[in-house]
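Visitor: Quick one, fold the following:
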Amino acid sequence: MEQLGLIAGSGVYPLLLARAARARGARQVVAVAFENETSPDIAQAADHVEWVKVGQLGRLIGAFTQRGVTEAIMAGQVAPKNLFRDIRPDLRLVAMLARLKERNAETIFGAIAAELKKDGVTLLPATTFMEDYLAPAGPITKRRPSREQEQDIAFGLKIAKGVSAFDIGQTVVVKNGTVLAVEALEGTDECIRRGGALAGEQGGAVVVKVTKPDQDMRFDVPAIGTRTIESCAAGRIAVLAVEAGATLLLEKEATLAAADEVKLIICGAATK
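Guide: I've put the predicted structure just below:
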């Protein structure tokens, strides 16, 4: 691959992807970064960085087309609340949004992918170059879930898959067969903390994170990292179960070390 376009959201994910792409043969990485979202470290991982405000779709696409980029990857999140509160739409985005009957993360990002395609830029799956980061099935930390916790994992998988089908969220917090929290616009970390607080002083809840049915792997791919572990520790969570083969485990060594330190169990759950 001669050039790779990178739509870089928050967190370490865009940095890891840029490095993985280089290791796999991408000769140049052209990144579009978002003000107040993307880490400044992206400047060390990419050959060129175009800083834009959330909503400047024309500049985003132009950053790629002006440099001959024909393939791009979306990595890292833009805070969901900023898609509706702090957005600064340009004329191209206004026109795009006007055509949408529903406005959620999937429909917005799907429409952005279509706009990119109009200008000759194909959006690749967000897991491209990141296959080694996908969570395996079974226990990932040293500790394993108990029989009761495995029952909660199975219950949480059923609830999370059902909820995610309605584009509400992809994470649930459960304990003893009871749903404590369902992810919505606040995002995974706040859902974990909220659910953990409802589990009582002893904590011990189980967090389950999944993909949506017919997940579009070009964007919104589930991912966990050290920040997720911090939220689990704050919520006194006992188990974090993620969908095996479909969830990115970022900063693997640091994430697993942090989990072991707070006695958090992480496991990959098969859904089929």
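Visitor: C-alpha only now, for contacts and for neighbours.
Guide: Will do.
Visitor: Quickly find the element holding L4.
Guide: Assessed by DSSP states H and E, L4 sits inside strand 3-8.
Visitor: what comes into contact with that strand?
Guide: Among residues not part of strand 3-8, those counted as contacts by Cα atoms under 8 Å, 6 or more residues apart in numbering are 14, 18, 26-34, 38, 64, 68-77.
Visitor: I would like a ChimeraX command selecting only the buried ones among those residues, please.
Guide: One line in ChimeraX is enough to select the buried members of the contacts of strand 3-8, burial here meaning 16 or more other Cα atoms under 10 Å:
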select :14,18,28,29,30,31,32,33,34,38,64,68,69,70,71,72,73,74,75,76,77
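Visitor: In strands, which of the contacts of strand 3-8 appear?
Guide: Among the contacts of strand 3-8, the subset assigned to strands under DSSP state E consists of 28-34, 71-75.
Visitor: Present those residues as CSV; the columns should include pLDDT and distance to E183.
Guide: Conversion of these to CSV gives the following (pLDDT from 0 to 100; distance: Cα to Cα, whole Å):
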residue, pLDDT, distance to E183
Q28, 94, 37
V29, 96, 33
V30, 97, 33
A31, 97, 29
V32, 97, 28
A33, 96, 26
F34, 93, 24
E71, 97, 31
A72, 97, 28
I73, 97, 25
M74, 95, 22
A75, 94, 20
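Visitor: May I ask which helix or strand of the protein has the lowest mean pLDDT?
Guide: Evaluated with mean pLDDT, DSSP states H and E, the helix-and-strand set of the chain has its lowest mean pLDDT in helix 105-118, which scores a mean of 90.
Visitor: For it, list the C-alpha coordinates in CSV.
Guide: What follows is the C-alpha trace of helix 105-118 in CSV, where atoms were taken according to Å, rounded to 0.1, in the frame of the first residue of the first chain:
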residue,chain,number,x,y,z
ALA,A,105,-23.4,6.9,15.3
GLU,A,106,-23.9,4.2,12.7
THR,A,107,-26.0,6.2,10.2
ILE,A,108,-23.7,9.2,10.5
PHE,A,109,-20.5,7.3,10.0
GLY,A,110,-22.1,5.2,7.3
ALA,A,111,-23.1,8.4,5.4
ILE,A,112,-19.5,9.7,5.9
ALA,A,113,-18.2,6.5,4.3
ALA,A,114,-20.5,7.1,1.4
GLU,A,115,-19.3,10.7,1.0
LEU,A,116,-15.7,9.5,1.0
LYS,A,117,-16.5,6.9,-1.7
LYS,A,118,-18.0,9.6,-3.9
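Visitor: Just the residues contacting the helix or strand just after that helix, thanks.
Guide: From helix 105-118 onward toward the C-terminus, using DSSP H and E, the following helix or strand is strand 122-124. With Cα under 8 Å, 6+ apart as the test, strand 122-124 has contacts from 70-74, 113, 116-117, 218.
Visitor: after strand 122-124 comes which helix or strand?
Guide: Counting by DSSP H and E, what follows strand 122-124 is strand 138-139.
Visitor: helices and strands around that next one, which ones?
Guide: Using 3 or more Cα pairs under 8 Å, 6 or more residues apart in numbering; DSSP states H and E as the contact criterion, the neighbours of strand 138-139 among helices and strands are strand 265-269.
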